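K.L.:
Give me a 3D structure for the following:
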Amino acid sequence: MMKILIVDDNEDIRDVLKLTLLEEAYEVSEAVDGEEALHMINSKNFDLILLDYKIPKIDGREVCRRVKNDILLQHLPIIMVTGKGDTEDKVGGLDAGADDYVVKPFEPKELLARIRMVLRRTQRDLEANPLTRLPGNVSIINELTKRIEKKASFASCYIDLDKFKAYNDTYGFEHGDEVIRETARILIRNVQQQGKSDDFIGHIGGDDFIVVTTPELCENLCQKIIDEFDQKSPFFYNETDRKQGYILGHDRQGNAQKISLLTISIGIVTNETRTIDHVAQVGEIGAELKSYAKQVQKSNYVKDKRKMGV
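P.N.:
I've put the predicted structure just below:
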């Protein structure tokens, strides 16, 4: 079921919009001002935002601008709702990055048609993980296949969070989702700063990611990712857990145990010293290397330097 957020301070308009959308079986949430809207957008996953231009606290244009400037949210479609004859509002909304606009008073059929059009366009243009909006498994396979077929030199960095299940169990899924989003931001920032323009970032699922770069850049890039993650990791916890450096959890037998704070493990697969001719090889080697990295019990990367098949 598609999830739509209505942002409008007028209760009557919200009610009309909600009734219109519920008839089409959309799941609807509501916000009454820009501040509340941004909080909801950053904490929940929506497929589309219906955003009034003139709302309290933070106006619609600024809300739109902030969403479109967020690397994880920029693909979230926004339809701006403006008043009749307010040409400046229409232009302002489109300049801020809105995908479309409707004018009040609006015809329900036209509104629904515009929503369907924007959703179709977004789904067509973006095969992505719904949580981070990073490319998903289809795109990951296509990217690796392309590099293998071109016989290009590449390094595939498989990235996994350690102790994430225990964190999720203790702090809940909403906090867990924010950790995953922040991890995605860390990857994107460091690839932009340390990598090349054609480097690739994908979200395999859960707390598993992949970065595809070049062999000469991969180790420095992975170390930068580790450094930033380790700097931010303590702040995913409350003050008590942060100070003591662990949370209390249970092993599979139900015994209480101290579980250290989140760390990150990376396995680097390259075709520098071995022939790789299928995507499955990359995945198998990456999983093996990640398991080695996890044995260190701290954030770490392991690069495969074995010479095979050459």
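K.L.:
Please, where are all the strands along the stretch 1-150 of the chain?
P.N.:
3-7, 27-31, 48-52, 78-83, 100-104 (DSSP state E, counting those that start in this stretch).
K.L.:
Tell me which of those approaches residue 283 most closely.
P.N.:
Smallest distance to residue 283 across those (C-beta to C-beta): 31.4 Å, for strand 3-7. C-beta coordinates here come from the backbone N, C-alpha and C atoms, glycine included.
K.L.:
Contacts for that closest one, please.
P.N.:
The contact list for strand 3-7 (C-beta atoms under 8 Å, 6 or more residues apart in numbering) reads 14, 17-18, 21, 26-34, 36-37, 40-41, 44-52, 55, 60, 63, 115.
K.L.:
among these, which ones are buried?
P.N.:
Buried by 16 or more other C-beta atoms under 10 Å: 14, 17-18, 21, 26, 28-34, 36-37, 40-41, 46-52, 55, 60, 63, 115, out of the contacts of strand 3-7.
K.L.:
how far out from the middle of the chain is stretch 91-99?
P.N.:
Its chain's C-alpha centre and that of stretch 91-99 lie 23 Å apart, by C-alpha atoms, centre = their mean, to the nearest Å.
K.L.:
Select the longest helix from this protein.
P.N.:
Looking across the chain with DSSP state H, the single longest helix is helix 173-194.
K.L.:
Neighbouring strands of the helix or strand just after that one in the sheet, and parallel or not?
P.N.:
Once helix 173-194 ends, the next helix or strand along the chain (criterion: DSSP states H and E) is strand 200-205. Strand 200-205 has the following strand partners under DSSP bridges: strand 208-213 (antiparallel).
K.L.:
how's this protein carved up into domains?
P.N.:
Domain assignment for the chain, taken from automatic domain parsing, gives 3-123, 137-303.
K.L.:
Export these as TSV, with columns for distance to residue 131 and mean pLDDT.
P.N.:
Below are these laid out as TSV (distance: least, C-beta to C-beta, whole Å; pLDDT from 0 to 100):
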stretch	distance to residue 131	mean pLDDT
domain 3-123	6	88
domain 137-303	6	92
